[in-house]
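> Okay, here's the prediction I keep looking at, along with the sequence it came from:
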Amino acid sequence: MLEKLFKLSARKTNVKTEVMAGITTFMTMAYILAVNPNILGEAGMDPTAVLIATALASFIGTACMALSANLPFALSAGMGLNAYLAYTVVGAMGYSWQVALLAVFIEGIIFMVLSLTNVREAIFNAIPYTLKCGVSVGIGLFIAFIGLQNAGLSVDASTLVTITSFTDNFSTAGISALLAVAGLLITAMLYIRKVKGSILFGIIITWALGMICQAVGIYVPDAAAGYYSLYPSFTITDFSKIGETFGQCFKVDFSSVGIVNFIVVMFSFLFVDMFDTLGTLIGVATKANMLDKNGRLEAIKPALMADAVATTAGAVLGTSTVTTFVESASGVAVGGRTGLTAMVTAILFLLSIFFAPIFTAIPSFATAPALIMVGFLMVTTIAEIKFTEDNYTEAIPAYLAIIAMPLFYSISEGISFGIISYVVLHLLTGKAKKVSVLMYVLAVLFILKYIFL
């Protein structure tokens with residue numbers, strides 16, 4: 001049945017590989033179950049309700065991706081978009097979280113319409129192959145940077161970022177960073193030796209080493225500083241809390257908001273979500289060799305629709321914008337090639353509602369090595385870019401997209417820089433006819449975004 005449903009043999013994979021890939025993807029994404037409630041809790045939302053909503057929305061979106069698109073991509077509440085909701089829309093602008101969720105809900109409805117009318121698919125297909133490769137590499141660096149931060153290796157400094165001091169706060173930050181380094185070397189060694197599921201085993205081994213360190217007193221939990229016990233808790237989630245957020249997006253008093261301000265907020269969500277999703281699909285699909293000879297993804301329409309459905313459902317349940325996760329690349333790196341990978345991840349998200357405290361105990365320093373390794377695997381796509389003089393108008397925009405993603409901490413900003421520079425350079429070098437009309441439209445829209453949003 002699985003063969004018929006997911007076409008495993010046609011994509012040269014098997015059930016064991018897909019299950020391993022699905023578990024790996026989930027474990028690299030499980031941090032969202034801890035992080036999202038913390039961030040949205042700052043907006044006044046109930047953390048337990050947010051956790052349940054996040055898990056349910058992740059299940060819905062990822063299951064839709066699996067069954068309708070047959071792709072190994074997983075979805076959950078997008079990082080960055082949740083912070084935008086909590087700290088900008090609610091914190092800085094002063095709107096209620098109910099208003100913010102309504103903006104997310106309407107954004108999801110608009111995405112459904114755009115997906116049905118082929119607009120999002122046309123945008124995906126309009127982006128040149130070299131720029132797609134640049135996006136893939138940029139996402140690789142972005143993922144690696146997230147991994148370095150999660151590991152506690154990259155920290156704030158007068159130079160913006162620097163390497164952590166291993167001796168300061170050794171029993172918490174120091175040992176966590178060292179464990180992440182050890183985990184990275186272990187994961188790399190397993191991968192080089194072609195051990196099946198090397199990235200998943202790397203996560204488990206690093207976590208186990210952490211628990212050993214806690215047992216002998218090298219790692220000392222300090223909840224106030226954000227360093228919790230590495231042993232999982234076996235308490236059950238309070239399901240009644242979902243009532244705190246479910247359907248609250250429809251209980252908005254527009255007299256205190258203003259329709260113009262609401263539209264600005266909604267379009268901000270719309271713009272960032274659209275290009276974060278497109279960027280992730282481009283990057284992960286390129287690395288998985290799922291694009292055809294014209295650089296197109298066969299199942300792009302159902303993939304985009306799954307994203308739109310998940311965003312809409314998530315807003316009703318009580319979480320911020322749901323989007324395709326770059327961590328899907330970890331499952332692809334293990335060998336995931338079909339929707340079975342996504343389905344396994346979806347089921348684990350559903351189970352996590354019942355055993356959330358266990359999954360949220362996975363420390364960030366244990367998943368960080370996986371992200372850094374996946375970053376390496378995605379960066380290898382740079383070999384597809386021709387850095388020759390006769391190809392500079394293609395290569396330079398790809399390069400700008402690559403550096404913009406990690407340095408601006410945004411996939412959508414990387415795509416923005418890539419598209420604008422691509423159009424401008426072709427215009428200035430007399431190659432305007434090589435650029436599609438849609439690329440010109442996208443460049444103008446990105447420029448307008450910087451002016452008005």
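Good, I have the coordinates.
> Looking only at residue counts, what's the top helix in the chain?
Longest helix in the chain by number of residues, with DSSP state H as the criterion: helix 259-287.
> Off-centre distance for that one?
Relative to the centre of its chain, helix 259-287 is centred 12 Å away, using Cα atoms, centre = their mean, to the nearest Å.
> Can you mark which positions in that helix are buried?
262, 265-287 (16 or more other Cβ atoms under 10 Å). Every C-beta, even on glycine, is put in place using the N, C-alpha and C of the backbone.
> mind listing what residue 26 touches?
Contact analysis of residue 26 by Cβ atoms under 8 Å, 6 or more residues apart in numbering lists 74, 344-345, 348-349.
> Equivalent analysis for residue 366, please.
Applying Cβ under 8 Å, 6+ apart, we find residue 366 in contact with 179-180, 183, 203-204, 206-207, 210.
> mind running it again at 10 Å?
27-28, 31, 150-151, 176, 179-180, 183, 202-211, 230 (Cβ atoms under 10 Å, 6 or more residues apart in numbering).
> re earlier: by neighbours, which of the contacts of residue 26 wins?
When neighbours are counted by other Cβ atoms under 10 Å, residue 345 leads the contacts of residue 26 with 35 neighbours.
> Mind listing what's buried along the helix or strand harbouring that residue?
Per DSSP states H and E: residue 345 is located in helix 339-359. Residues of helix 339-359 classed as buried: 339-350, 352-353, 355-359 (neighbour count, 16+ other Cβ under 10 Å).
> Then stretch 105-124?
105-108, 110-112, 114-115, 119-121, 123-124.
> try stretch 424-436
Of the residues in stretch 424-436, 425-426, 435 count as buried by neighbour count, 16+ other Cβ under 10 Å.
> For that stretch, give the mean pLDDT please.
Averaging pLDDT along stretch 424-436 gives 94.
> can you check stretch 368-384 too?
Mean predicted confidence for stretch 368-384 is 86.
> cool, stretch 110-123 as well?
If you average the pLDDT over stretch 110-123, you get 83.
> Select from the contacts of residue 366 every entry located in strands.
The members of the contacts of residue 366 all map outside strands under DSSP state E.
> Give me the PyMOL select line for those residues, limited to the buried ones.
Buried members of the contacts of residue 366 can be picked out in PyMOL with the line below, counting by 16+ other Cβ under 10 Å:
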select buried, resi 27+28+31+150+151+176+179+180+183+202+203+205+206+207+209+210+211+230
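> Contacts only, for the one residue sitting closest to the centre of the chain.
Taking Cα atoms, centre = their mean, the centroid of the chain lies closest to residue 325, which sits 2.8 Å from it. Residue 325 is in contact with 25, 28-29, 32, 58, 61-62, 73-79, 276-277, 280, 284, 331, 345, counting by Cβ under 10 Å, 6+ apart.
> So for it, what pLDDT did the model give?
In this model, residue 325 is scored at 86, pLDDT.
> Give the closest residue to residue 324 in space, chain neighbours not counted.
residue 280 (4.5 Å; Cβ to Cβ, 6 or more residues apart in numbering).
> how distant is the host helix or strand of residue 101 from the center of its chain?
According to DSSP H and E, residue 101 maps onto helix 97-116. Counting by Cα atoms, centre = their mean, helix 97-116 is centred 19 Å from the centre of its parent chain.
> tilt between it and helix 259-287?
Angle of helix 97-116 versus helix 259-287, following axes from the mean of the first three to the mean of the last three Cα atoms, to 10 degrees, is 50 degrees.
> Which secondary structure elements does helix 97-116 sit against?
Applying 3 or more Cβ pairs under 10 Å, 6 or more residues apart in numbering; DSSP states H and E, one finds that helix 97-116 contacts helix 32-41, helix 119-126, helix 259-287, helix 300-317.
> let's go with 7 Å and repeat that
When contacts are defined as 3 or more Cβ pairs under 7 Å, 6 or more residues apart in numbering; DSSP states H and E, helix 97-116 packs onto helix 259-287, helix 300-317.
> Ok, which of the ones you listed comes nearest residue 385?
helix 259-287 (11.3 Å; Cβ to Cβ).
> and this protein, what are its domains?
Using automatic domain parsing, the domain parsing of the chain gives 12-381, 384-452.
> would TSV of the ones you listed with distance to residue 3 be doable?
Supplementary listing: the domains of the chain in TSV, determined by distance: least, Cβ to Cβ, whole Å:
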stretch	distance to residue 3
domain 12-381	8
domain 384-452	31
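> Just name the most buried of these.
For the domains of the chain, average neighbour numbers computed from mean count of other Cβ atoms under 10 Å are highest in domain 12-381, which has a mean of 21.
> helix, strand or coil for residue 246?
When classified by DSSP: H, G, I helix; E, B strand; the rest coil, residue 246 comes out as coil.
> mind showing which ranges of the stretch 251-400 of the chain have poor pLDDT?
254-257, 359-360 (pLDDT under 70).
> And the helices in the stretch 151-300 of the chain?
In the stretch 151-300 of the chain, the helices defined using DSSP state H, counting those that start in this stretch lie at 175-192, 198-215, 259-287, 300-317.
> Which one, of these, ends up nearest to residue 135?
Closest of those to residue 135 is helix 259-287, at 4.8 Å (criterion: Cβ to Cβ).
> and the direction of the closest one versus that of helix 300-317, what angle?
Using the same axes, to 10 degrees: helix 259-287 against helix 300-317 is 140 degrees.
> can you dump the C-alpha coordinates of the very next helix or strand once past the helix holding residue 345 into CSV?
Reading on from helix 339-359 to the C-terminus, the next helix or strand found by DSSP H and E is helix 364-379. In CSV, the C-alpha atoms belonging to helix 364-379 read as follows (Å, rounded to 0.1, in the frame of the first residue of the first chain):
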residue,chain,number,x,y,z
SER,A,364,19.2,22.6,21.2
PHE,A,365,22.9,21.7,21.4
ALA,A,366,21.9,18.1,20.3
THR,A,367,20.0,19.2,17.2
ALA,A,368,22.6,21.9,16.3
PRO,A,369,25.1,19.5,14.8
ALA,A,370,22.4,18.2,12.5
LEU,A,371,21.7,21.7,11.3
ILE,A,372,25.3,22.5,10.7
MET,A,373,25.8,19.2,8.8
VAL,A,374,22.7,19.8,6.7
GLY,A,375,24.1,23.3,6.0
PHE,A,376,27.3,21.7,4.6
LEU,A,377,25.3,19.4,2.4
MET,A,378,23.2,22.2,0.9
VAL,A,379,26.3,24.4,0.3
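> Off-centre distance for helix 364-379?
So, by Cα atoms, centre = their mean, the centroid of helix 364-379 is 13 Å from its chain's centroid.
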